[in-house]
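# Next input, structure requested:
(one chain, ligands or ions: 1)
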Amino acid sequence: MAMERLDILGTLSEEAGRLTRPYASESMRRANEHVAGWMRTAGMAVRQDNVGNLRGRFEGSHAGGLTLLLGSHLDSVRDAGRYDGPLGVIVALAAVQRLHDGARRLPFAVELLAFADEEGLRFGSTYLGSAAVTGTFDGADLDRVDSDGISMRAAMRRFGGDPDRLGDDRWTAARPLGYLEVHIEQGPVLEAQDLPVGVVSAVAGQARHRVTFTGEAAHAGTTPMDRRRDALAAAAEFVLAVEREARSHPDLVATVGQLTVSPGAVNVVPGEVALSLDVRHPDDAVRIETTRNLLAEARAIASRRSLDVGAELLVESSSVRCSPRLTALLARSVQDLGHPALQLASGAGHDAVAMSDLTDVAMLFVRCKGGVSHNPAESVATADVAVAIDVLARFLELLAQS
Ligand SMILES: [Zn+2]
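Residues are numbered from 1 along each chain as shown. You can find the predicted model right below:
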C-alpha cells in the first residue's frame, strides 16, 4: 500500500516523463488531494493552511492533551526521485492508519504535516512550509518571483491560501511533544552497513562562501609564465587544498561546486575567478575552524601568486542536534524490531532543521539504493519501508508509555 501510494505521487508532475513538483503547482494540488484523502481514511481531520501545507490531525484519547508532530515535504527538485519527501508522509500515514484500524487512541494527538515547500525549486527559498509553522517565515519572500514572473504572493493565493494571514499557520497551541521525520538517507552509509534504517544524531550545519581570486587578464601568447597573475591557477590550488583539508577531518565535507572564470577566453590568462565553497560538519566548532583555515589558505595562495582574494559569506546554518530523549526512544524502537540502531549524522538539510525552532526533533533514515537521491534513479526497498512503518508504530507505543 505504501509503495503504491508513493508510485501515485511519483506520477504527479509539472513535466511529462519526469518528476518535477514545485511549490503551489497544479501537480502539488493533486498531490495534496490524494494525501488529504488518505489522511481521512486514517481517521484524521484535514486542512490546508495558508502557505499550502496539508495538516492531518488524529486526536488523542482526551481533549486538551499534547501533540506529537510527524512530517516531511511533498514538493520535489527538478527531475526528482519519488521518495525524497513523500516517503516520510506515507510512512507516517501508515502508522496512523494502524492506530485507526485498531480503534486505538494515544494519550496525545498526532498531527501529520505534509509540507508544501522544502526544496525551494520554484522560488529559490527553502523550508517555506515548515517556516510558516514555526513562525519564522520571512515576509519579504512573498515578493520573490518564479521563472514565469509569478510572485509567491500570487502563487499562494491561487493555491488557496491567504498570504496576509500566514501568521495563522504558526503553531500556537502548547509546545508539541516533538517532531519526528522519516526520510530517505540520500547517502550510502546504511547500505554499506546492511541496515534498513538508521537513527539521525544531528543535521550538519553548513556555511557557503563566494571566494574571488583577482589577478590580471593578459595575452596568452605574449605574457611570459613568470609575469602572470593567473587567477584560475590560484583557484585550482585552492580547490585541491579544500579537498585535502576535508579529507583530514572525519565527518567533514567541503565542496567547490561552481567556478566562474573571467574573461573565460581560450587565449587570455584568467584575470578573475569566483568560486563557491560549501563546508558542512555536525559539530559547528569544527566547521567554523575548518572554514577559517581554508580562507586563510586562500589568502596564502593569493599572496604567493601576487593576487587579491576576497570571501563573502552567503549562507550559514548551525547544526541541529536531535533530541536525546526522542532519539533514544527511536533507537529502542529499532532494536525492538531486531535491528541494530546505528546513529548517523545528516549532511543534507531537512524540515527538521526548521522545526527545531519550535520543538525537539528526531529523524529516522531509510536505506536507499546506492545512496542516490535528487535523481529519478532514487530507490528504496519495500521491505525497508515496512521496517520504517513498524519502527514508527513502535515509537508511538513507547512514547505513549513514557
Ligand atoms: Zn527531502
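# Assign a three-state SS to the residue in the chain sticking out farthest from the centre, would you?
Most distant residue from the mean C-alpha position of the chain: Thr222, 49.7 Å away (CA atoms, centre = their mean). Following DSSP: H, G, I helix; E, B strand; the rest coil, the label given to Thr222 is coil.
# what does the chain put close to the ion?
For the chain, the residues in contact with the ion (CB under 5 Å from the ion) are Asp84, Gly85. The C-beta positions use only the backbone N, C-alpha and C, and glycine is treated the same way.
# Sketch out the helices for the chain, chain order is fine.
For the chain, applying DSSP state H gives helices covering 2-10, 26-41, 86-101, 128-134, 152-158, 189-193, 231-247, 284-304, 324-336, 351-355, 382-401.
# Redo those helices as JSON lines? Include mean pLDDT and mean neighbour count.
Formatted as JSON lines, the helices of the chain follow (pLDDT from 0 to 100; neighbours: other CB atoms under 10 Å):
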{"stretch": "helix 2-10", "mean pLDDT": "98", "mean neighbour count": "17"}
{"stretch": "helix 26-41", "mean pLDDT": "98", "mean neighbour count": "18"}
{"stretch": "helix 86-101", "mean pLDDT": "98", "mean neighbour count": "23"}
{"stretch": "helix 128-134", "mean pLDDT": "97", "mean neighbour count": "27"}
{"stretch": "helix 152-158", "mean pLDDT": "98", "mean neighbour count": "18"}
{"stretch": "helix 189-193", "mean pLDDT": "97", "mean neighbour count": "15"}
{"stretch": "helix 231-247", "mean pLDDT": "98", "mean neighbour count": "18"}
{"stretch": "helix 284-304", "mean pLDDT": "97", "mean neighbour count": "17"}
{"stretch": "helix 324-336", "mean pLDDT": "98", "mean neighbour count": "19"}
{"stretch": "helix 351-355", "mean pLDDT": "95", "mean neighbour count": "26"}
{"stretch": "helix 382-401", "mean pLDDT": "98", "mean neighbour count": "19"}
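# Adding distance to Ser276, write the ones you listed out as JSON lines.
Shown next, in JSON lines, are those (distance: least, CB to CB, whole Å):
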{"stretch": "helix 2-10", "distance to Ser276": "31"}
{"stretch": "helix 26-41", "distance to Ser276": "29"}
{"stretch": "helix 86-101", "distance to Ser276": "29"}
{"stretch": "helix 128-134", "distance to Ser276": "23"}
{"stretch": "helix 152-158", "distance to Ser276": "25"}
{"stretch": "helix 189-193", "distance to Ser276": "25"}
{"stretch": "helix 231-247", "distance to Ser276": "11"}
{"stretch": "helix 284-304", "distance to Ser276": "12"}
{"stretch": "helix 324-336", "distance to Ser276": "32"}
{"stretch": "helix 351-355", "distance to Ser276": "20"}
{"stretch": "helix 382-401", "distance to Ser276": "34"}
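# Please, where are all the strands along the stretch 51-200 of the chain?
54-58, 67-73, 109-115, 178-184, 197-203 (DSSP state E, counting those that start in this stretch).
# Next up, the contacts around the nearest residue to His281 once chain neighbours are set aside.
Nearest residue to His281 in three dimensions, chain neighbours excluded: Arg287, at 4.0 Å (CB to CB, 6 or more residues apart in numbering). Arg287 makes contacts with Ala204, Gly205, Gln206, Ala207, Leu252, Val279, Arg280, His281, Ser319, as judged by CB atoms under 8 Å, 6 or more residues apart in numbering.
# ok, Arg287 to His350 distance?
As judged by CB to CB, to the nearest Å, Arg287 and His350 stand 18 Å apart.
# Check Ile90 too.
Counting by CB to CB, the gap from Ile90 to His350 is 16 Å.
# wait, what's in contact with whichever residue of the stretch 301-402 of the chain sits closest to the ion?
Per CB to the ion, His350 is where the stretch 301-402 of the chain lies closest to the ion, at 5.9 Å. For His350, the contact set (CB under 8 Å, 6+ apart) comprises Ser72, Glu118, Glu181, His183, Val203, Met363.
# Can you name the residues that contact the fifth one?
Translated: Val203. When contacts are counted by CB under 8 Å, 6+ apart, Val203 touches Pro282, Ser319, Val320, Cys322, Ala345, Ser346, Ala348, Gly349, His350, Ala352, Val353, Met363.
# confidence score at the fifth one?
Meaning Ala345. On pLDDT, Ala345 comes in at 95.
# how many neighbours does it have?
Counted by other CB atoms under 10 Å, the residues lying close to Ala345 total 19.
# Hmm, it is touching Gly198, no?
No - the criterion here is CB atoms under 8 Å, and Ala345 misses it with Gly198 at 10.1 Å.
# what sits in contact with each of those two?
Joint contacts of Ala345 and Gly198 (CB under 8 Å, 6+ apart) do not exist.
# can you list contacts of stretch 204-211?
Contacts for stretch 204-211 (CB under 8 Å, 6+ apart): 238, 251, 253, 274-282, 284, 287-288, 291, 295, 298, 309-320, 345-347, 349.
# and those residues, which of them are in strands?
Among the contacts of stretch 204-211, the members found in strands (DSSP state E) are 253, 274-281, 309-317, 320, 345-346.
# are any of those buried, and which?
For the ones in strands among the contacts of stretch 204-211, a burial check counting by 16 or more other CB atoms under 10 Å picks out Ala274, Leu275, Leu277, Asp278, Val279, Arg280, His281, Val309, Ser317, Val320, Ala345, Ser346.
# Now for the first one: which residues touch it?
When the contact criterion is CB under 8 Å, 6+ apart, the partners of Ala274 are Arg210, Val211, Thr212, Gln258, Leu259, Thr260, Ser262.
# Is the first one bridged to anything, and to what?
The reference is to Arg210. Note on Arg210: beta-bridge partners by DSSP bridges are Ser276, Glu312.
# That one - how many residues pack around it?
15.
# Is it correct that Gly56 is in contact with Glu111?
Yes - contact criterion CB under 8 Å: Gly56 and Glu111 qualify, at 7.0 Å.
# From the chain's centroid, how far away is stretch 254-273?
Offset of stretch 254-273 from its chain centre (CA atoms, centre = their mean, to the nearest Å): 30 Å.
# swap in stretch 303-322?
Distance, stretch centre to chain centre, for stretch 303-322: 21 Å (CA atoms, centre = their mean).
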